[in-house]
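Predicted model follows, preceded by the sequence.
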Amino acid sequence: MAMWAAAAACLAWYAASVAGEITYVTLADGRRQERSIPLLFKMLLPLAPNFYPIVRRRFFRTSLEQAEALLVQGGYEGLITGEEFMALRLMLLWVVPDLWLYGAIKRRHLSIQKSLPFVLDLLTLSVEAGMDFISALQRNCKLRRLDPLNEELLRMTKEIQIGSSRKEALKAMADRVRQPDLKAVSYALIQADELGVSIGSILRIQSEQLRSKRFDRAEKLAAEAPVKMLGPLMLCIFPAVFIILLGPVISQAMKGM
């Protein structure tokens, strides 16, 4: 009994010490951004090297490459390696790490989707006022709060500064993030470069299209709201009304019996 108590105390101490650790990712401009991972993952990651001989086998090569791409999409590049994630999959029978990572990607994509129309409006105003595209991007990144979209734009501008062409940097961002709206904007800008079309006009067109899509999504959600409310209504409200209305009648009947 004492041994079990000691083991539980050691486990609790280890969990508390791991929970206090703060994890970071390093952004393109050198800043470190806090990025949280589940406590269970923090506790199991020290065991991950034991599984490297397994995950490095040819059988897992495709899964390993997919895991690395998903970690980049989720914003965890440099914090968890593909091998560590594959090891977590093996230790937790695959399901839990996948659910966590796909949830992180969904939240990141949603944040980008919400921020993109506003950023495009600012870029359009800046470019049409005479500022070049890269300067407009840098100004936007400097003035806005650090969010997933800003992180990706910072990385793209850094790649251009160190020698990549604008086309290469835009394509790399689209392939890295894989968010549909950002991908569409990136390829539209690439096409504008190839055809010699004004960047300002392309930005304005993309901004209007995204604003229209956002309005359509809002209408769709509003139309779906009554259907989604029907379940809680049937499960909670109707039984409550039934009890309130018939409760006194049932009580009197019980007394009469």
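Right, received. Where do you want to start?

which residues of the chain fall in strands?
Here the chain has its strands, by DSSP state E, at 24-26, 32-34.

Now tabulate those strands in JSON lines and tack on distance to Gln179.
For the C-beta atoms, the positions are set from N, CA and C on the backbone; glycine is no exception. Formatted as JSON lines, those follow (distance: least, C-beta to C-beta, whole Å):
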{"stretch": "strand 24-26", "distance to Gln179": "18"}
{"stretch": "strand 32-34", "distance to Gln179": "18"}
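
With mean pLDDT and mean neighbour count as extra columns, can I get those strands in TSV?
Output for the strands of the chain, formatted as TSV (pLDDT from 0 to 100; neighbours: other C-beta atoms under 10 Å):
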stretch	mean pLDDT	mean neighbour count
strand 24-26	84	13
strand 32-34	85	11
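
Report the buried residues of stretch 193-207.
Buried residues in stretch 193-207, defined by neighbour count with 16 or more other C-beta atoms under 10 Å: 199-200, 202-207.

Which parts of this structure belong to which domain?
12-93, 111-214 (automatic domain parsing).

quick one: which of the buried residues of stretch 193-207 is nearest Thr81?
Gln206 (34.9 Å; C-beta to C-beta).

OK, contacts around the closest one?
120, 184-185, 188 (C-beta atoms under 8 Å, 6 or more residues apart in numbering).

Could you rerun that using 6 Å?
By C-beta atoms under 6 Å, 6 or more residues apart in numbering, Gln206 lies in contact with 120, 185, 188.

which one is it nearest to, not counting chain neighbours?
Nearest non-adjacent residue to Gln206, counting by C-beta to C-beta, 6 or more residues apart in numbering: Val185, 5.0 Å away.

same check, this time on Gln73
Spatially, and ignoring its direct neighbours in sequence, Gln73 is nearest to Ile105 (4.8 Å; C-beta to C-beta, 6+ apart).

Count the residues that sit near Ala192.
19 (other C-beta atoms under 10 Å).

That should have said Leu149, apologies.
Leu149: 23 neighbours (other C-beta under 10 Å).

Hmm, Ile112 and it touching each other?
Yes - using C-beta atoms under 6 Å, Leu149 is in contact with Ile112, at 4.7 Å.

Distance check, Pro46 against Val185.
41 Å (C-beta to C-beta, to the nearest Å).

got the residue ranges for the helices in the stretch 151-257 of the chain?
For the stretch 151-257 of the chain, applying DSSP state H, counting those that start in this stretch gives helices covering 166-177, 180-195, 199-232, 238-256.

For the residue nearest to Gln73, give me the pLDDT.
Looking at Ile105, its pLDDT stands at 96.

The one 4 residues further on now?
Note for His109: predicted pLDDT of 95.

Excluding chain neighbours, give the residue nearest to it in space.
Gln179 (4.6 Å).

circling back: which residue of Pro46 and Val185 possesses the greater neighbour count?
Each of Pro46 and Val185 has its neighbours counted (other C-beta under 10 Å); Val185 has more, 26 against 10.

how far away is the more buried one from Ala9?
54 Å.

Low-confidence stretches in the stretch 151-257 of the chain?
Low-confidence regions of the stretch 151-257 of the chain, defined here as pLDDT under 70, cover residues 218-219, 221-257.

ditto for the stretch 1-150 of the chain
In the stretch 1-150 of the chain, residues with pLDDT under 70: 1, 11, 13-15, 19.

quick one: the helices in it?
Using DSSP H, counting those that start in this stretch, helices in the stretch 1-150 of the chain cover 2-19, 39-44, 52-55, 61-74, 82-91, 95-128, 133-143, 148-161.

Pipe those helices into JSON lines and attach distance to Met173 per row.
Below are those laid out as JSON lines (distance: least, C-beta to C-beta, whole Å):
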{"stretch": "helix 2-19", "distance to Met173": "34"}
{"stretch": "helix 39-44", "distance to Met173": "27"}
{"stretch": "helix 52-55", "distance to Met173": "28"}
{"stretch": "helix 61-74", "distance to Met173": "11"}
{"stretch": "helix 82-91", "distance to Met173": "20"}
{"stretch": "helix 95-128", "distance to Met173": "11"}
{"stretch": "helix 133-143", "distance to Met173": "11"}
{"stretch": "helix 148-161", "distance to Met173": "5"}
